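Peer 1: I would like to see how this sequence folds:
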Amino acid sequence: MRGYFYLIFITILIFFTGCKSETKEETRTVFRYNEPSGVTSLDPVFSRNQANIWAASQLFNGLVQLDYELNVKPAIAKDWDISSDGKQYTFYLRNDIYFHDDEAFPKNKGRKVVAKDFVFSLNRLIDNSINSPGNWVMNSVARNNDNSLDVSAINDTTLIINLNQPFPPFLSLLSMVYCSVIPKEAIEHHGSNFRSNPVGTGPFRFKYWKDGVKLVFVKNENYFEYENENQLPYIDAIAINFIVDRQSAFLEFIKGNLDFLSGIDASYKDELLTTTGQLQTKYHDEFSMLSMNFLNTEYLGILMDTAILEKSSPLNLKYIRQAINYGFDRKQMITHLRNNIGTPAHAGFVPIGMPGFYDNEGGYYYNPDKARKLLAKAGFPGGDGLKPITVHTNPAYLDICRFIQFELNKIGIQIEIDVEPPATLREMMAQGNAPFFRGSWIADYPDAENYLALFYSKNKSPAGPNYTQFSNKKYDKLYEKALTENCVDKRIKLYHKMNNIIIEEAPVIPLYYDESVRFISKRVSGLYNNPLNHLSLKRLKIKH
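Peer 2: Residues are numbered from 1 along each chain as shown. I've put the predicted structure just below:
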């Protein structure tokens, strides 16, 4: 029996590796990529990080989706209406979409998706027993007396969602993988094992998963989307590896065993990239490189709650926070440490490429003389008497923190570096145990509110994303006003005012606005980049 299961395992690996062979089965088109951080769940309610999002988005659909320019487009909902007061959304669903075949259904045959499936799926997102990290997505939705969401199915193809108050980004929010539709039968049948037995409606369906080794999806032959009368997806399968060491994954990519490499790493960036951030000439015939602005702000955060932060901490002083912002050269940091991948963050917290980005002259540009004057204003001329400041980071950003440490030392600010595992650092940030920390914020949806929410006083961690514990009454009023403003231009003006407050008070030191970089085998076409760095494989094609 043991040998039988071993044979099955080997057969699956051979069948989906995409290696050249004379057999019909092995001429199937398989897209192969590596996920170094691993996938923890294929249940969309746990799609918190990029690894889970990339995998789950191949298996599931929601009411709406975003195109490559982040415009909201139909998905399972073919159309929708929004009431004049902005509080009621009526969605009209397609009637030709089916869940993947699964043993949870009679005769293992997937059934048609109906509106009540969304009532179940969205309420499951807020189920306290599940503790989904995406339950905040439904915060703007009104509640019934039993605390369930005010979401109702009028019939099989009509769904109504009522909000507490107008929330202009709501449609974009519904494009998140968290809001995918799932069948109640599959949850009841698989229970907690749904994480590894996912049942969705997406372009691919689940086939095989050996944790830490390989994850395989195969083409959904009944998928509902078409392109120029051609049914999607084009490829037969996706094979995901879990090689933790990035240098090893890079070598597999170079050898042709992977079709896709995402991002840059210090271990191979100079091998692939020139100092100006271009693909090295020797690889032009083998790979393509795609890069674009990525809605991700890398930053240093400062704990602003004096009830938590030591009163003697120099970070309590605004002049010190501002001096740090002026005290290092972001442009040189990007040039030398990232081969010019990324944009120096001079303009505040909202990243370039996001509607609401404000490139004003009031941001922080390298000015060591001004930093020294601010130190003197704070009572520490030349840094005399200033206590060392500890910054908490994870190993991936140690080089950046060392660069900042070296630069700030020149003006009299001593920085000590504490390196923590990523999970430990995230927990320290959430619990307010990291007075000065390196963080990043990747957009969940294409609205600047997603970034500015990090400084709203009612969003303080651990319940919300305000890791700096920043609180400012003027800021809160502007934020609350922006939430109810349906006019995009007026809302963006409010965003600019909020951004200026963040620049002035300096609860964060923005480092750079990220850039997504993808290296792709020449045999692959139809893979595009987007500002949210999502991975859509339904239009991808592979040459034999």
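Peer 1: Could you say which helix or strand holds Thr306?
Peer 2: Using DSSP states H and E, Thr306 falls within no helix or strand.
Peer 1: Show the contacting residues for it.
Peer 2: Residues counted as contacts of Thr306 (Cβ atoms under 8 Å, 6 or more residues apart in numbering) are Asn316. (Each C-beta comes from the backbone N, C-alpha and C, glycine too.)
Peer 1: Next, give phi and psi for it.
Peer 2: phi -70, psi -20 (degrees, to the nearest 10).
Peer 1: quick one: low-confidence parts of the stretch 151-300 of the chain?
Peer 2: With pLDDT under 70 as the threshold, the stretch 151-300 of the chain has no low-confidence stretch at all.
Peer 1: Sketch out the helices for the stretch 51-200 of the chain, chain order is fine.
Peer 2: Under the criterion DSSP state H, counting those that start in this stretch, helices of the stretch 51-200 of the chain are mapped to 115-125, 170-173, 184-190.
Peer 1: how would you label Ile238: helix, strand or coil?
Peer 2: Here Ile238 is recorded as strand under DSSP: H, G, I helix; E, B strand; the rest coil.
Peer 1: ok, for it, nearest residue in space, not its chain neighbours?
Peer 2: Ranked by Cβ to Cβ, 6 or more residues apart in numbering and with sequence neighbours excluded, the top spatial neighbour of Ile238 is Phe217, at 4.4 Å.
Peer 1: hmm, who's touching the strand or helix carrying the one you found?
Peer 2: Following DSSP H and E, one finds Phe217 within strand 214-219. With Cβ under 8 Å, 6+ apart as the test, strand 214-219 has contacts from 12-13, 16, 35, 39, 55, 58-59, 203-209, 233, 235-242.
Peer 1: Repeat that for stretch 399-415.
Peer 2: If you take Cβ under 8 Å, 6+ apart as the criterion, stretch 399-415 is touched by 266, 298, 300, 320, 323-324, 327-329, 333, 336-337, 368, 371-372, 375, 380, 382-384, 386, 388-391, 393, 416-417, 438, 511.
Peer 1: how near is Tyr299 to Arg205?
Peer 2: In this view, Tyr299 and Arg205 are 39 Å apart by Cβ to Cβ, to the nearest Å.
Peer 1: So those two - more neighbours on which side?
Peer 2: With neighbours defined as other Cβ atoms under 10 Å, Tyr299 and Arg205 compare such that Arg205 has more, 23 against 20.
Peer 1: bridging residues for that one?
Peer 2: Taking DSSP bridges as the rule, Arg205 bridges to Val218.
Peer 1: Please report how far the residue nearest to Glu227 when sequence neighbours are not counted lies from Gln65.
Peer 2: Leaving aside its chain neighbours, Glu227 sits nearest to Arg539 (6.3 Å; criterion: Cβ to Cβ, 6+ apart). To Gln65, Arg539 is 12 Å away according to Cβ to Cβ.
Peer 1: low-scoring pLDDT stretches of the protein, where are they?
Peer 2: Applying pLDDT under 70 to the chain flags residues 1-26, 308-309, 311, 360-361.
Peer 1: Buried ones in the lengthiest helix in it, by neighbour count?
Peer 2: Longest helix in the chain by number of residues (criterion: DSSP state H): helix 488-505. Within helix 488-505, the residues scored as buried using 16 or more other Cβ atoms under 10 Å are 491-496, 498-503, 505.
Peer 1: in the stretch 1-150 of the chain, which spans are strands?
Peer 2: Applying DSSP state E, counting those that start in this stretch to the stretch 1-150 of the chain gives strands spanning 30-34, 64-66, 72-74, 77-82, 88-93.
Peer 1: In TSV: these, plus distance to Gly353.
Peer 2: Shown next, in TSV, are the strands of the stretch 1-150 of the chain (distance: least, Cβ to Cβ, whole Å):
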stretch	distance to Gly353
strand 30-34	24
strand 64-66	14
strand 72-74	17
strand 77-82	26
strand 88-93	27
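Peer 1: So which of these is the most surrounded?
Peer 2: Ranked by mean neighbour count under mean count of other Cβ atoms under 10 Å, the strands of the stretch 1-150 of the chain are led by strand 30-34, which reaches a mean of 23.
Peer 1: Return the list of helices and strands in contact with it.
Peer 2: The contact analysis (3 or more Cβ pairs under 8 Å, 6 or more residues apart in numbering; DSSP states H and E) places strand 30-34 against strand 237-241, helix 246-254, strand 260-262.
Peer 1: rewinding a little: can you list the helices of the stretch 51-200 of the chain in a markdown table and add distance to Ser457?
Peer 2: Shown next, in a markdown table, are the helices of the stretch 51-200 of the chain (distance: least, Cβ to Cβ, whole Å):
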| stretch | distance to Ser457 |
| --- | --- |
| helix 115-125 | 25 |
| helix 170-173 | 21 |
| helix 184-190 | 36 |
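Peer 1: could those helices go into JSON lines alongside mean neighbour count and distance to Lys460?
Peer 2: Formatted as JSON lines, these follow (neighbours: other Cβ atoms under 10 Å; distance: least, Cβ to Cβ, whole Å):
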{"stretch": "helix 115-125", "mean neighbour count": "20", "distance to Lys460": "22"}
{"stretch": "helix 170-173", "mean neighbour count": "20", "distance to Lys460": "21"}
{"stretch": "helix 184-190", "mean neighbour count": "16", "distance to Lys460": "33"}
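Peer 1: which stretch among the ones you listed comes nearest Ala423?
Peer 2: Nearest to Ala423 among the helices of the stretch 51-200 of the chain is helix 115-125 (23.1 Å), distances taken as Cβ to Cβ.
Peer 1: contacts for the closest one?
Peer 2: Contact with helix 115-125 is made by 45, 63, 91, 93, 130, 132, 134-135, 137-138, 141, 148-149, 151-159, 161, 178-184, 187, as judged by Cβ under 8 Å, 6+ apart.
Peer 1: one more time with 7 Å, if that's ok
Peer 2: 45, 63, 93, 130, 132, 134-135, 137-138, 148-149, 151-153, 155-159, 178-184 (Cβ atoms under 7 Å, 6 or more residues apart in numbering).
Peer 1: And stretch 37-51, by the same measure?
Peer 2: Contact with stretch 37-51 is made by 35, 52-53, 55-56, 59-60, 124-125, 130, 132-134, 177-178, 180, 182, 194-196, 198, 206, 212, 215, 242, as judged by Cβ under 7 Å, 6+ apart.
Peer 1: gap between the two ends of it?
Peer 2: Counting by Cα to Cα, to the nearest Å, you get 7 Å between the two ends of stretch 37-51.
Peer 1: Can you point out the buried residues in that stretch?
Peer 2: Residues Val39, Ser41, Leu42, Asp43, Pro44, Val45, Phe46, Ser47, Gln50, Ala51 are the ones in stretch 37-51 that count as buried (16+ other Cβ under 10 Å).
Peer 1: what about the longest strand in the chain?
Peer 2: In the chain, with assignment by DSSP state E, the single longest strand is strand 287-302.
Peer 1: Parallel or antiparallel, which strands does it pair with?
Peer 2: Next to strand 287-302 in the sheet, as set by DSSP bridges, lie strand 436-442 (antiparallel), strand 508-521 (antiparallel).
Peer 1: what element comes up after it heading to the C-terminus?
Peer 2: Downstream of strand 287-302, the first helix or strand assigned by DSSP H and E is helix 318-326.
Peer 1: What is the burial count for Arg402?
Peer 2: Neighbour count for Arg402, taken as other Cβ under 10 Å: 14.
Peer 1: Sticking with it, tell me its helix or strand.
Peer 2: If you go by DSSP H and E, Arg402 is part of helix 398-409.
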